[in-house]
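>>> This is a predicted model, with the sequence first.
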Amino acid sequence: MRRVILAIVGTAAGLIVLLSFKTHSTSAAATPPAAIGGSSSQTSAPAATPSASGSSSSSRSTTSSSGSAAGAARTVTGSIADTIYGPVEVQITVKNGKVSAAQAVQYPQDSPRDQQINSYAVPVLNQEAVSTGNASIDAVSGATYTSGGYVTSLQSALDKAGL
């Protein structure tokens with residue numbers, strides 16, 4: 001009899017704990033910053049429109065100089081890397097032989113889930129690319145495919161910049 005009562009009380013306590021568990025809600029304060037936008041000091045970038053064909057063999061190379069001095073900033077756009085969720089394209093700004101800025105100009109944004117994941121992942125990848133100055137950056141958890149495409153396009157941009 002005691003075992004039955006103990007089992008019932010244990011089950012009831014377990015159910016109370018389980019039902020009182022609260023998951024994290026998505027509030028405006030907890031929402032990560034949007035990945036769209038950039039600093040006003042960067043040169044204007046081409047529009048980030050998704051590619052209709054999405055072929056990985058197509059590449060767009062944009063190089064601009066803000067002067068002829070050796071320390072002038074250059075902007076280089078890597079080739080488009082196709083992922084299963086959409087194309088990823090990275091643009092870097094090189095100044096004095098180092099990456100001074102990195103920006104994903106094209107990345108998956110078709111579904112709300114893509115937007116949610118990449119609004120967090122893209123700024124992290126941009127920051128990592130600038131801080132390391134090369135394509136040896138860590139993937140962002142939950143954005144594995146975008147991270148892989150980002151690294152591929154970043155390496156292409158670095159190669160075009162001669163870094």
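Sure thing, it's come through.
>>> Verify the stated contact: residue 92 with residue 98.
No - if you go by Cβ atoms under 8 Å, residue 92 and residue 98 don't touch, sitting 10.1 Å apart. Backbone N, C-alpha and C define where each C-beta goes, glycine included.
>>> quick one, which of these two is more surrounded?
Each of residue 92 and residue 98 has its neighbours counted (other Cβ atoms under 10 Å); residue 92 has more, 26 against 10.
>>> how near is the more buried one to residue 86?
As judged by Cβ to Cβ, to the nearest Å, residue 92 and residue 86 stand 20 Å apart.
>>> again, but for residue 137
For residue 137 relative to residue 86 (Cβ to Cβ), the value is 20 Å.
>>> Now do the strands in the chain.
Using DSSP state E, the strands found in the chain span residues 63-65, 74-77, 81-83, 86-95, 98-106.
>>> Dump those into TSV; add mean pLDDT and distance to residue 147 as well.
Below are the strands of the chain laid out as TSV (pLDDT from 0 to 100; distance: least, Cβ to Cβ, whole Å):
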stretch	mean pLDDT	distance to residue 147
strand 63-65	46	25
strand 74-77	88	19
strand 81-83	89	9
strand 86-95	90	9
strand 98-106	89	11
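>>> Show me which of those has the highest average neighbour count.
Of all the strands of the chain, strand 86-95 has the most neighbours on average by mean count of other Cβ atoms under 10 Å, namely a mean of 24.
>>> circling back: quick one, which of the strands of the chain gets closest to residue 120.
strand 98-106 (12.4 Å; Cβ to Cβ).
>>> Please identify the pairing partners of the closest one and their relative orientation?
Here strand 98-106 is paired, per DSSP bridges, with strand 86-95 (antiparallel).
>>> Which residues outside stretch 148-158 are in contact with it?
59, 76-83, 87-92, 99, 102, 104, 107, 122, 125, 129, 134-135, 137, 139 (Cβ atoms under 8 Å, 6 or more residues apart in numbering).
>>> Flag every buried residue along it.
Buried residues in stretch 148-158, counted by 16 or more other Cβ atoms under 10 Å: 149, 150, 151, 152, 153, 154, 155, 156, 157, 158.
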